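> What would the 3D arrangement of this be:
(2 chains)
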Amino acid sequence: MTFRVVHYINQFFAGIGGEEKAGEVLPELRQGVVGPGAALAAELKGQAEVVGTIICGDGYFAEHMEEATAKILELLNSCKPDILIAGPAFNAGRYGTACGAVCDAAAKQLGIPTVTGMYKENPGVDMYRKNTFIVSTADNARGIKEAVPTMAKLALKLLKKETVGLGPEEGYLERGVRRNYFLEETGAQRAAAMLAKKLRGEPFVTEYPMPVFDRVEPNPAVKDLKNATIALVTSGGICPKGNPDHIEASSATKYGEYDISTFAALSEADSETAHGGYDPTYANKEPNRVLPVDVLRDMEKEGVFKKLYDKYYTTVGNGTPVANAKRFGAEIGQKLKKDGVSAVILTST
Amino acid sequence: MVKEIERAGLPVVHICTIVPISLTVGANRIVPAVAIPHPLGDPSRTLEEEKVIRRKLVEKALRALQTEVSDQTVFAE
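The predicted structure is shown next:
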């Protein structure tokens, strides 16, 4: 028999449109393959058929997660699927989150296996890695040639109920699932061998990687708001008109530092967004919708707090490598601290 | 960015639309926003109404900054 596969993709891969459509495309089901589904179908090599494709806008999904998930499950169930394959989403954060959420819901509520694909830094990975198989992909759609065969192969294994190997062998990101098995050498022998390798400076692979909890303790609250200086920071890409420092529309390598000491508000005449990951119409028309300078200036005048810091810091949070974002944050934090800022409002789109 | 600024010793409030992402990256004080392309506004309203919405969100953010937290906290109300 041929297994029944349903494929989940976003509005972009469905060819409906880019960011301008992301918020508008409600979940819909189409018969057969759409977009990257063709490559997927070819890789399933006649053993499984893509019977339907579910499409949803990334913006719509992110803003209506519960409703969208319920609707998608209903559409999915009507296809009587044996498996759900979502994406791949590469490093698109909202798409990855949607793929992970849909896979998670399908597994829990319909009891079917699921496979998706993402770049390792996609925020969807940490949210859903335990609940689905996430094939490790490149950070952009050029990696589709490598991603799809790996996803298809893993999907066929799951459908045929074959034993799925470890993440690095099968190409998926570790799920944190432990399976018992017997080895010839005891733990003591293996540990001693590992130690010997370490002492000799040779590479070795741990059998129990320590989890990385990169959390920062919350700082104490602002006690005296009336005497506080508040700074604005954004990942929404707001910058002076013309983007003088050429902050990239995605995968940003820099942040901007701009003076607002004389501004009562931002306006479309002086500001815009450099962000390439959301529809810029609303931010360009009224930049205070992303960076609320107008309201903060009013509150400063009213004496709610002492001062709105003279500069704002901005970058584009769109596929930006975590290492870059870390560096921007550390540098911005040091500057603000040095200038006696009391607290920060950071806005994200 | 939120986390590194916090690490530098400043309390940060993250006003953002996709709260699950903010929780994953490790923001400590989170205020949910309106929508991705306009987190602090609503183009279906008049500019005056939008500013009221924005003011309320900023007031909520300032309240969050004045609230002691020991763990990640979403200030929904």
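
> ok, B:Glu6 to B:Asn28 distance?
In this view, B:Glu6 and B:Asn28 are 6 Å apart by CB to CB, to the nearest Å. C-beta coordinates here come from the backbone N, C-alpha and C atoms, glycine included.

> overlap in contacts of those two?
When CB atoms under 8 Å, 6 or more residues apart in numbering or on different chains defines a contact, the residues bordering B:Glu6 and B:Asn28 alike are A:Val216, A:Pro218, A:Asn219, B:Val12.

> if I look at the third one, how far off is chain B?
It refers to A:Asn219. A:Asn219 sits 4 Å away from chain B, going by CB to the nearest CB, to the nearest Å.

> which non-adjacent residue is nearest that residue?
Closest residue in space to A:Asn219, ignoring its immediate chain neighbours: B:Pro11 at 4.2 Å, by CB to CB, 6 or more residues apart in numbering or on different chains.

> And the pLDDT for that neighbour?
pLDDT, B:Pro11: 97.

> Extract the C-alpha trace of the lowest-mean-pLDDT helix or strand in chain B and format it as PDB.
Using mean pLDDT, DSSP states H and E, the weakest-scoring helix or strand in chain B turns out to be helix B:19-25, at a mean of 89. In PDB, the C-alpha atoms belonging to helix B:19-25 read as follows (Å, rounded to 0.1, in the frame of the first residue of the first chain):
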ATOM      1  CA  VAL B  19       5.600  35.500  23.300                       C
ATOM      2  CA  PRO B  20       6.700  31.900  22.900                       C
ATOM      3  CA  ILE B  21       9.800  33.100  21.000                       C
ATOM      4  CA  SER B  22      10.600  35.600  23.700                       C
ATOM      5  CA  LEU B  23      10.300  32.900  26.400                       C
ATOM      6  CA  THR B  24      12.600  30.700  24.400                       C
ATOM      7  CA  VAL B  25      15.300  33.400  24.000                       C
END
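
> so what does it touch, helix or strand wise?
Applying 3 or more CB pairs under 8 Å, 6 or more residues apart in numbering or on different chains; DSSP states H and E, one finds that helix B:19-25 contacts helix A:93-110, helix A:123-128, helix B:2-7, strand B:29-32.

> closest to A:Leu296 out of the ones you listed?
The minimum distance between A:Leu296 and the helices and strands packed on helix B:19-25 falls on strand B:29-32, with 14.1 Å, by CB to CB.

> quick one: contacts for A:Val186?
Quick fix: residue A:186 reads Thr, not Val. If a contact means CB under 8 Å, 6+ apart, then A:Thr186 has no contacts.

> actually A:Ala89, sorry about that
Contacts for A:Ala89 (CB under 8 Å, 6+ apart) come out as A:Asn10, A:Tyr95, A:Gly96, A:Ala98, A:Cys99, A:Thr116, A:Gly117, A:Met118, A:Tyr119, A:Asn122, A:Gly124.

> Which ones among those residues also lie next to chain B?
Contacts with chain B within the contacts of A:Ala89, as defined by CB under 8 Å from any CB of the partner chain: none are present.

> for the residues you listed, which one is nearest chain B?
Of all those, chain B sits closest to A:Gly124, with 8.7 Å by CB to the nearest CB.

> what's the neighbour count on that closest one?
Number of residues near A:Gly124 (other CB atoms under 10 Å in any protein chain shown) recorded here: 30.

> That one contacts A:Gly96, correct?
Yes: if you go by CB atoms under 8 Å, A:Gly124 and A:Gly96 touch, sitting 3.0 Å apart.
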